[in-house]
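A.B. asks: Sharing a sequence plus its predicted fold:
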Number of protein chains: 2
Amino acid sequence: MLVLVTYDVSVTTSEGRRRLRTIAKICLDYGMRVQNSVFECDVDPAQFAVLKEELISTYDSNEDSLRFYFLGKKGRQRVEHYGSKPVSDPTSDPLIV
Amino acid sequence: MLVLVTYDVSVTTSEGRRRLRTIAKICLDYGMRVQNSVFECDVDPAQFAVLKEELISTYDSNEDSLRFYFLGKKGRQRVEHYGSKPVSDPTSDPLIV
């Protein structure tokens, strides 16, 4: 199933920037970065459970937010993209919001 | 139908920051901001066509990207949220990515 992961991570502190990098790396283990804070992950339920656990153990529930969108087996048919290509470097921290 | 709008806008220039504010305001006319660059818009096909046209006429196709996810009529059942509450001020430009 295709699961969309989106996140806001507060980067006003060095700790926040560390969380941002870690969260991006976790997501990249399971899917493709399509925008700076948006990943598409093609996972089965067991893989999703692990992904979710890793993210929830990393983020700060008071500062950050995580959203999961369950797009289903034909999830890629639900998407339209316009403009510049998806970003690919999970460790970059560009001035893009 | 519920349509998720996600965007990356390059804010390395003042022009980019202006586009970012305009895009956020357009999205807010049609839906709810759930993360900094993520909006959920409950629209019919005619409304979506106008929303899409407004966004495409605003963004820079070389610098920015727009993605639309069509979540369907029961789209809200496809979502899980964790952490801090959705942001609400479309004109804010916080250090969150």
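C.D. replies: That came through fine. In this text, all values refer to a predicted model and were calculated from it rather than measured experimentally.

A.B. asks: Stretch A:27-46 and chain B, are they touching?
C.D. replies: Yes - contact of stretch A:27-46 with chain B is found when judged by C-beta under 8 Å from any C-beta of the partner chain, involving A:Val34, A:Gln35, A:Asn36, A:Ser37, A:Val38. Just so you know, the C-beta spots here come from the backbone N, C-alpha and C atoms, and that holds for glycine as well.

A.B. asks: I'd like the next helix or strand past the helix ranked longest in chain A.
C.D. replies: For chain A, the helix that runs over the most residues, judged by DSSP state H, is helix A:14-30. Sequence-wise, the next helix or strand beyond helix A:14-30 is strand A:31-35, with elements assigned using DSSP states H and E.

A.B. asks: sorry, back to before: now the longest helix of chain A and strand A:31-35, what's the angle there?
C.D. replies: With axes from the mean of the first three to the mean of the last three C-alpha atoms, to 10 degrees applied, the angle from helix A:14-30 to strand A:31-35 works out at 120 degrees.

A.B. asks: list the helices and strands helix A:14-30 packs on?
C.D. replies: In terms of contact count using 3 or more C-beta pairs under 8 Å, 6 or more residues apart in numbering or on different chains; DSSP states H and E, helix A:14-30 is assigned the packing partners strand A:38-42, helix A:45-58.
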